[in-house]
Structures are given as structure tokens and as C-alpha cells.
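Colleague: After the sequence you'll find the predicted model.
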Amino acid sequence: MNKQKEVQPLSEVTVRFAGDSGDGMQLTGSQFMETTAAVGNDLSTLPDFPAEIRAPAGTLAGVSGYQLHFSSTDIQTPGDSPDVLVVMNPAALKVNMRDLKPHATIIANSSAFDAKNLKLANYDTNPLEDGSLAAYNVVPVDLTQLTMAALKDMSLSPREKEKCKNFFALGLLYWIYNRPLEHSLHWLEGKFGKKPDILEANKRALIAGHNYGDTTEIFTTRYDVKPAKLEKGIYRNVSGNEAIALGFITASLKSGLNLFLGSYPITPASEILHELSKYKNYGVVTFQAEDEISGVASAIGASFAGSLAITTTSGPGLSLKTEALGLAVMTELPLVVVDVQRGGPSTGLPTKTEQADLNQALYGRHGESPLVVLCAQSPADCFFMAIEAARIAVKYMTPVILLSDGYLAFGSEPLKIPKLEELKDIPVHFRKEVEGFHPYLRDENLTRPWAIPGTPGLEHRIGGLEKKDIYGNISYDPDNHQLMVNRRKEKIDNIKNDIPELIVEGDQQGELLVLGWGSTYGAIKEASRHIQAQGYNASQAHIRYISPFPKNLDNVLNRFKKILLPELNTGQMANVIRSTFLRDVIQFNKVQGQPFKVAEIENKIIEILGGHNGN
Amino acid sequence: METKVNEIVKDVKYTAKDFASDVDVKWCPGCGDYSILAQVQRTSPEFGEKKENITWISGIGCSSRFPYYMNTYGFHGIHGRAAAIATGVKLANHKLQVWVATGDGDMLSIGGNHFIHMCRKNMNIKILMFNNRIYALTKGQYSPTSEKGKITKSSPYGTVDFPFNAIKLATGSGATFVARSLDRDPKHLQEMITRASKHKGAAFIEVYQNCPIFNDGAYSLLTEKETKPENVILLEHGKPLVFGANKDKGIMLDGLNPVIINLNDGKHSINDCWIHDEFDDNPTRVFLLARFTDLQGYPTPIGVFRQFNKPTYDEDYVHQIEQQKSQKGEGTYEKLMFTANTWEVN
């Protein structure tokens, strides 16, 4: 060990790893994340990767990134711009430059900045040498050669050795941020236990990267981010997709219903299918259907037969499921449809985020077909909203659309694991009594009975044709149709009495309310905190129940002079608010496939408040 | 919450009436669907299932009204999706006996994808496809089984597309029970339905069904007393392929060419005839048989083209779940949430 280097305390840091799709950046990032979680920081992550699996090496199209924000305080977003950018090649530098703030540190794999890679990234001269990065703290490190040197006596091929450079970089970052190596060493053993050479090589690269930080003169300072003071409890890190899967299994355990997923692979929702497919010992049936329509249709069949039935998709898939949703509305069967929104229309930006399926979720059906629409506001919230979607679907015999998006799906944050008994019950009443049974005889919630095949004496037929009130036989009677349309709507409207009221954070009335829904929660929350620290006054309210809305929403809107509504579309929720409450809102929209930055919302709030903080 | 079903019916003696619902049947007078419904109701007591364990699923079309008329559990779905809905029912409760009632348009056109994949997966589901070679409920457009050149409302100058051969499609897709019958041959139809009910795996019955309104007489050559013997050949396992009013014609296999032979010409005898083997696991001969309807002068085969056993999707799936449960133990919330990388904040 050399002389002890200075250790500087920091409250929060944002790190981004970027490289070729094949450079293992997602893996490097997730290792850093897991170690950081183990250290006890609060954290939030966001991977950013291209739609192509392996675009040609060195090209701008092939750049894959992983951003991680960690802190000694409570944080809500993966960070606006990185403090440290680790780039494995010139393309990664070029793609990520626009997000860098001055004085950020760039750790660049210098040997990858050769003539060929520079040309692929459209650089005329080497940015590491031509002075164009003067505003930044550039640290060229020859990750490739240093890794090769650390492994030179090993019998692996040069290509295999070179592939370990991401672990060298990881080791270096662990040194800089004072993180232990144990977690990643342990992980490597699990991953490469059967390939001792590869295991050894990666371990050595990791340790060599760590030692390099210690010995080289380049780095004079290490940083220390103390554990965050989080609420007491047991935590695990979850991505939104993983949290949705865990939420549905929990709902299955809570309700005693078998879980059935009918799904067709689609980005960014496929991980829910992958995740649920692992849990067969929970009785989970995952049916990878031949298409999106079969995904939802099989789920409707499973629901008819008594399962907790779900289907998962993204925007284009939801369009294909639309007709079947009409059937689920008509047959009044419980069903949860998860739409992990992505940039659209059509194939659009399949790996990027957007909130532009709101109109589709609310209105994208034929006929008068009301259903429940919920949304999750953070990766961990996906867990709770999946359970809530299941609870409402089963209790009210209705389809429920749960909106997530690419940002939540791939992003991650710690989830404080609740006790099972802390979660709301999901009571299930399969109808058994023959006496007085009618398929469309409603209870006090306007819910019809769930009588599943296999129950003696309750044989009955349902389907997409209009039903006669109470009896459920086909009916073309005009008055009956009017009645049934009204009943279906009343049933959904009535659910507002069974959901939490909208909470206003900050002053309960005043000049400005920042109203959001879904994944914008974190950015709005941090922006609100920042502006409050500057003496401005703006409150925040965040919608998780969209259809029906919380019953106090109207009242909340009326308590503020101005309402700012940031959303990742061209104003879909703004129009819903206007048409529902005859209340105007100030739109703030972004459709770039990227989430809001905290600073964007912060600046918008300040602009609306006229740059006056009231002091 | 799996419902215990499938105890073999011992004490319950059903009759056809037990399977008739109280809903008035609303098909057109003379429709072949009436016969199919009657044969299903007559044979249902033979299925060996309590009626609460039988579920009929359908799509859209005249045929798809079928579930309303059966006093079992029933689900009238949306166009083309019956096979997919039925798959969900079966996977949710594999102990149910699941039937699909469908038509040529519903199953082979808009529902084609679900159909082939259900056959491929060998879902233990039975499909009864009413083939009237026309779209009837939408009032007379050509269907994917309409013969080339057919004049309909949507093809005033004749169709230019070739029809599907449903038997070939089902066989090629992997169905493990493939049969054809006629609405006007009640006994035969009953036999096919009963046999399908006993089959474990994807079972497909194509029923040639007359639509008196939009395609009347489509099958009259096959169903009228005078012409039937010369135009229909009955497939029976282990028996020679013989047809004709006097049973004087046979089918001989010359390599892979089926040849019609005269059993009275002194050159051929019944010993030259192709012996039908339902259990042949090579589908080649099934395709040769199925092709008869595409060839001029050949009789239309009815009966079981093929029947064989292989593991069903639902059976394998249940097995996998049981295996995982015994390996890992039943899932619990503790195991679900607390076994990953967790950390405690005090």
C-alpha cells in the first residue's frame, strides 16, 4: 500500500458506465448497484441501451449505458447528469457527452481511442488529446492494456482477457468510492464457478482495478458516501419489471388464487414474463402465447376458470389486445393488463420510455367499455400497484390496466419489504350456492358472482353479446342495454370509494401545484425539494389511480391557483383533467424517450413562479 | 384453489336432455348445426365427465352460438379466439374437459394462428369445426374453405384463392386426433364425437355442415342417398379402403400414389387395397388421404384419419409445476421476498 490517500465525504454521486453493447456495461452497472445497496446507500438506477442486441462494435448505434445515483440521503431519481462517466470507447463518449455537466470526471479507456474507433464515432481528432474536453476532468486509463497485463500469465485467449476490462473498471470505481469488493467476488464465484479460468481472470481484473486506484498517481482522492438513513426495515433492490412480477405472486399468495400469465414477448415488458416463469413452485402458470391476442384471450379463459389472470405487454401489444378487453368488460371477469409503455407510435423507440399510452388505456376500446386504470410511480411502487391491480380486479370482477413504462421497468431502487399482513387482503368468493344464482345478479358493489367451471349446479354461459340484467342471457332489448351500460360504468365509478385520496405534499393550498402521474414522481419530488430549499413554494400531488380518479382530486385542484402538469407525452393527462374538471393546467411535455431531468422541472416551476421565491 | 373435479361419473346417469339448456335455439330452419347439436347432446352422457366439468368455448359465427344451447359451462368468445380462450381455461384447471365449437372462418381464417399453435402444443382440447364453406352470420362471403372460383357476395366474379384443406392443416400442425364427419350422418358423427371425447391431446373434427341459406347443397353429393356411396369413403382402422354402392371400388397405394381400382375387374381384389392405419405415426399417408378432396374423381374420406398419443402441453406443464414444488418446496412469501440480496436498516 502507498501512502494513505485523502478520503472526501460526499452526500451523493451519479456514475454512468458506457460502452459497446458487448462490453458488459449493464453487468458492470448492476454489480456496482448491488454493492452500493449492500453498503446501505439509497440508490436509483437507469440502464439505457439500444434496441439492437449487438450493433457493430465501436459505432454510435451500439452504445449501451447504465447510470446509478447513490446517496447518503433519500433520493428519487437516477440523477440528471453523471458526476463520473466511464467510457469504454469514443462512441460511448460521443453519445454521452450531451448529458455531462462541466467539471464532470471522464474515465476513458485510452487504448480504445484508436484511429478506427475514432472514425466509427465520427471524431476527426482524438478528443482525449485535442483539448476539446478542457472543461472536464479527463482521466485516460488504458483499461485494455492494464487488464491484459494483470492476466498475462494466464492461458486464456487475448479476446477472453480483454473481455475482463469491465471488471477492471469496476474495481477502479470501487476504489474511488470506497466500496468493498466482496459482493462482486462472491457474485463471480456463483456465475463462473464452473469455469475456473474465467472466474480467476475476472477476480484478478477486479482486484487489479482496485489496486490501480490505490497505486497510481492519477487519483489522489477517494470519496465516501455514508449509508442513507432509510426507514427501518429489510430492503432489497428491485427493478420495476421485477417488482411487478413479485407483486403478482404476492397477490396470488394473498388471495389463494393460482396466478396465470398469458403473454407474448415484447420490449420493455418481457422481463415480467421471464421473472414469473421462474416461480413454478408457487403454482404460477406462464403461457408464452403465439401472439398478443392469445396472451390476453388465454388470460380471459383462465379468469373464467378461476385463476388470478394477467397479461403483460407494451403499447403496440395493448392495441392488439383491445378487442379482447371489450370482451373482459362485457363478461365482467377479473383481469390485469400491464402496459409497460415505450416510445411510440408503432415500433417507435422500443427500449426508451414514454407516457403516451394514457389515451389508449382510457379510451382505446370499442363501445362504452369503462375499466380501471392504475399507474405505478417508481420501480418499488410497481410492487404495490401490481397487488392493488389484482385486488381491484378480483373484488370488482373487472379488467384493470396497470401502466408502467420503460423508465420504471429497467430502473431500480430499494424496496422496503412489507410484511405480508401489512398488505390489504384480497378476499375471493367463488360462488357455490345454487339457490338464487344468476350470473349477472350484482352485489352491493355492483359486482357479479364468480362461478367457475367445475362447480356443480352453476353451469351457465357468458360471452360478448349483451347480457340480460341479473340473468345473463343474451338480450337485445334497448332498455336493458342502456341499463347494463350504466351499471358497468357505475361499477367502475364506485371504486373511487375504495381507493386512497390524493395526497398533497407541501402546503395544502396556494400558488402552484405540480400534478403528475406515473413515473415522473421521482423527478417532480426532487425538483420540489430543490425549489423549497431555495425558498419557493410549490406543492406536489401524484396520481396513481387514473380511472376512477381519487374522489378528492377536484377539491385538490381547486385549492391551487396554478397547476403544472409535467408528462412524457404531448398533454394526454392535461386533456383528461381539462375535460373532466373543466380546469386548465399548464402543460410541460417531453417526448424524447428519456425521463424528465430534475433540473428541467425545477426550472419550469421557477419560470411559472416568475423567478420570485416570495422572500 | 383448484376445484376438485374429474371424479369419474359413476352414480350420475345423464341423458341427452340434461345437456340441453333452456335457451331457444335460433339457427335457420334446416341448418346442419341442429344435427351437430343433437349428436353432441346425445353423446355427452358418454364422455365420462360430470357436466359441471365440461366447458364449451366458441368464437364468432353461427356455429359459435353453440355453447348457449349446451347446459354446461360455456363461453362465447370473440372472433377467432376460441382456441386461445380454451387454452387459458385448460391451463387454469387441467381437470376440465374443454371443447371448442367453431366454424371454418372462425378457426381457419381469423383464428388460424391460434388453431395451428394449439395443435402444435397438443393442448388437451377438442375442436368441433363446422365447415359450411361460407361466412353465414355475416350473410354470405367466401370463406377460407370455399372452393376456387366460388361466386359469393364478395366474389361476384368468382374467388381467385385456393381453399384450405382443414385435415392437412390440422395434421401438419400436430393435432393428435384428426377426423371428419357429416352433419347428415348422425351415427357416424356421434361416433367421432365420442371418440374425440376420449382422446387425450389436441383433437380436431371437421364436420361438413350444410348452410341452407348461403351455401345450400355444398355437400349434397356426399349426403344424398343416391350419390353418397360413390362419393364417400369410410375410414376404419385395420380395414381396406373400399367404396361404391356395391363396395366394388377400392383404393390401392402405388408407391405414394393412391389409385382407384375396380375390385370386379378380375385384376384386383380386396387384398390389393390400402389398409387404413389410424395409429401410423408417419403423417405421410394422412396427407395422401386428405388430398382426396383436392383430386377429381376421388371419394371424400370420413372417419378418423389419425390418432396417436404424445404428451400434452397441459400434462407436461402440471408435471413441471409439481416437480418444482417438490424440488424447491411450495412457495411462500418469506422465500419470495427475503431470499434475494436483502439488507437491513436499523
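Modeller: Sure, I can see it.

Colleague: so the spatially most central residue of chain A is in which element?
Modeller: Centroid-nearest residue in chain A: A:Leu408, 1.1 Å away (criterion: CA atoms, centre = their mean). Assigned by DSSP states H and E, A:Leu408 falls within helix A:406-410.

Colleague: That helix - contacts with which helices or strands?
Modeller: strand A:42-48, helix A:240-255, strand A:335-341, helix A:379-396 (3 or more CB pairs under 8 Å, 6 or more residues apart in numbering or on different chains; DSSP states H and E). For the C-beta atoms, the positions are set from N, CA and C on the backbone; glycine is no exception.

Colleague: The last one near chain B anywhere?
Modeller: No. On the criterion CB under 8 Å from any CB of the partner chain, helix A:379-396 is out of touch with chain B, staying 9.2 Å away.

Colleague: In the stretch 401-550 of chain A, what residue comes closest to chain B?
Modeller: Residue nearest to chain B within the stretch 401-550 of chain A (CB to the nearest CB): A:Gly463, separated by 2.6 Å.

Colleague: so what's that residue closest to, chain neighbours aside?
Modeller: Sequence neighbours aside, B:His76 is the residue nearest to A:Gly463 in space, at 2.6 Å (criterion: CB to CB, 6 or more residues apart in numbering or on different chains).

Colleague: Quick one: residues contacting residue 202.
Modeller: I'll assume chain A. Applying CB atoms under 8 Å, 6 or more residues apart in numbering or on different chains to A:Asn202 gives the contacts A:164, A:167, A:188, A:192.

Colleague: That was the other one, I meant chain B.
Modeller: By CB under 8 Å, 6+ apart, the contact list for B:Ala202 reads B:118-119, B:121-125, B:127, B:174-177, B:312.

Colleague: Run a quick neighbour tally on residue 298.
Modeller: By default, I'm working from chain A. 33 (other CB atoms under 10 Å in any protein chain shown).

Colleague: Not quite, go with chain B.
Modeller: 17.

Colleague: now B:Thr300
Modeller: For B:Thr300, the tally of surrounding residues (other CB under 10 Å) stands at 17.

Colleague: got the contact list for it?
Modeller: B:180, B:222, B:231-233, B:292-293.

Colleague: Next: B:Gly250.
Modeller: For B:Gly250, the contact set (CB under 8 Å, 6+ apart) comprises B:240-243, B:260-261, B:263, B:268, B:270, B:272-274.

Colleague: May I see those organised as JSON lines, with pLDDT added?
Modeller: Below are the contacts of B:Gly250 laid out as JSON lines (pLDDT from 0 to 100):
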{"residue": "B:Pro240", "pLDDT": "98"}
{"residue": "B:Leu241", "pLDDT": "98"}
{"residue": "B:Val242", "pLDDT": "98"}
{"residue": "B:Phe243", "pLDDT": "98"}
{"residue": "B:Ile260", "pLDDT": "97"}
{"residue": "B:Ile261", "pLDDT": "98"}
{"residue": "B:Leu263", "pLDDT": "97"}
{"residue": "B:His268", "pLDDT": "96"}
{"residue": "B:Ile270", "pLDDT": "96"}
{"residue": "B:Asp272", "pLDDT": "97"}
{"residue": "B:Cys273", "pLDDT": "98"}
{"residue": "B:Trp274", "pLDDT": "97"}
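
Colleague: quick revisit: deepest of the helices and strands packed on helix A:406-410, which one?
Modeller: Counting by mean count of other CB atoms under 10 Å in any protein chain shown, strand A:335-341 has the highest mean neighbour count of these, with a mean of 30.

Colleague: Please point out which parts of stretch A:523-543 sit buried.
Modeller: A:523-532, A:536-543 (16 or more other CB atoms under 10 Å in any protein chain shown).

Colleague: for stretch B:145-157, same thing?
Modeller: B:145-146, B:150, B:152.

Colleague: what's the spacing between stretch A:41-60 and its chain's center?
Modeller: Distance of stretch A:41-60 from its chain centroid, counting by CA atoms, centre = their mean, to the nearest Å, is 15 Å.

Colleague: Any part of the longest helix seen in chain B near chain A?
Modeller: When chain B is parsed with DSSP state H, its longest helix is helix B:313-328. Yes. Part of helix B:313-328 sits near chain A under the criterion CB under 8 Å from any CB, namely B:317, B:320-321, B:323-325, B:327-328.

Colleague: re the thing from before, narrow the contacts of B:Gly250 to just the buried residues.
Modeller: The buried subset of the contacts of B:Gly250 - by 16+ other CB under 10 Å - is B:240-243, B:260-261, B:263, B:268, B:272-274.

Colleague: Measure how buried A:Ala55 is and give me the count.
Modeller: A:Ala55 - counted by other CB under 10 Å - has 18 other residues nearby.

Colleague: contacting residues for it?
Modeller: Counting by CB under 8 Å, 6+ apart, A:Ala55 touches A:21, A:61-62.

Colleague: for these, which one is nearest A:Ser270?
Modeller: Minimum distance to A:Ser270 across those is 17.0 Å, recorded for A:Ser21 (CB to CB).

Colleague: So which of the contacts of B:Ala202 are in helices?
Modeller: Judged by DSSP H, helices contain the following of the contacts of B:Ala202: B:118-119.

Colleague: out of the contacts of B:Ala202, who's near chain A?
Modeller: Counting by CB under 8 Å from any CB, no member of these reaches chain A.

Colleague: Let's see if you can find the most crowded of the contacts of B:Ala202.
Modeller: Compared across those, B:Met118 has the highest neighbour count, 30 neighbours, by other CB under 10 Å.

Colleague: do you know how far that residue is from A:Met330?
Modeller: To A:Met330, B:Met118 is 24 Å away according to CB to CB, to the nearest Å.

Colleague: again with A:His542
Modeller: 33 Å.

Colleague: Now do the same for B:Gln39: helix, strand or coil?
Modeller: Under the three-state scheme (DSSP: H, G, I helix; E, B strand; the rest coil), B:Gln39 adopts helix.

Colleague: show me the contacts for it.
Modeller: B:186, B:189-190, B:193.

Colleague: looking at those residues, which has the most residues close by?
Modeller: Result: B:Leu189 is most packed of the contacts of B:Gln39 (other CB under 10 Å), 27 neighbours.

Colleague: So the residue lying farthest from the centre of chain A: helix, strand or coil?
Modeller: Residue farthest from the centre of chain A, counting by CA atoms, centre = their mean, is A:Glu435 at 47.2 Å. Under three-state DSSP, A:Glu435 falls in the coil class.

Colleague: For it, give its distance to A:Leu441.
Modeller: As judged by CB to CB, A:Glu435 and A:Leu441 stand 12 Å apart.

Colleague: Show me where the stretch 151-300 of chain A has its helices.
Modeller: A:158-162, A:165-176, A:182-192, A:196-215, A:240-255, A:270-277, A:292-304 (DSSP state H, counting those that start in this stretch).

Colleague: swap in the stretch 201-346 of chain B?
Modeller: For the stretch 201-346 of chain B, applying DSSP H, counting those that start in this stretch gives helices covering B:220-223, B:228-231, B:284-290, B:313-328, B:333-338.

Colleague: For A:Gly240, find the nearest of those.
Modeller: A:Gly240 lies closest, by CB to CB, to one member of the helices of the stretch 201-346 of chain B: helix B:333-338, at 16.1 Å.

Colleague: what about A:Glu444, which SS state?
Modeller: coil.

Colleague: counting contacts, what elements does the helix or strand of chain B with the lowest mean pLDDT pack onto?
Modeller: None of the helices or strands of chain B scores lower by mean pLDDT, DSSP states H and E than strand B:342-345, at a mean of 86. Applying 3+ CB pairs under 8 Å, 6+ apart, we find strand B:342-345 packed against strand A:233-239.
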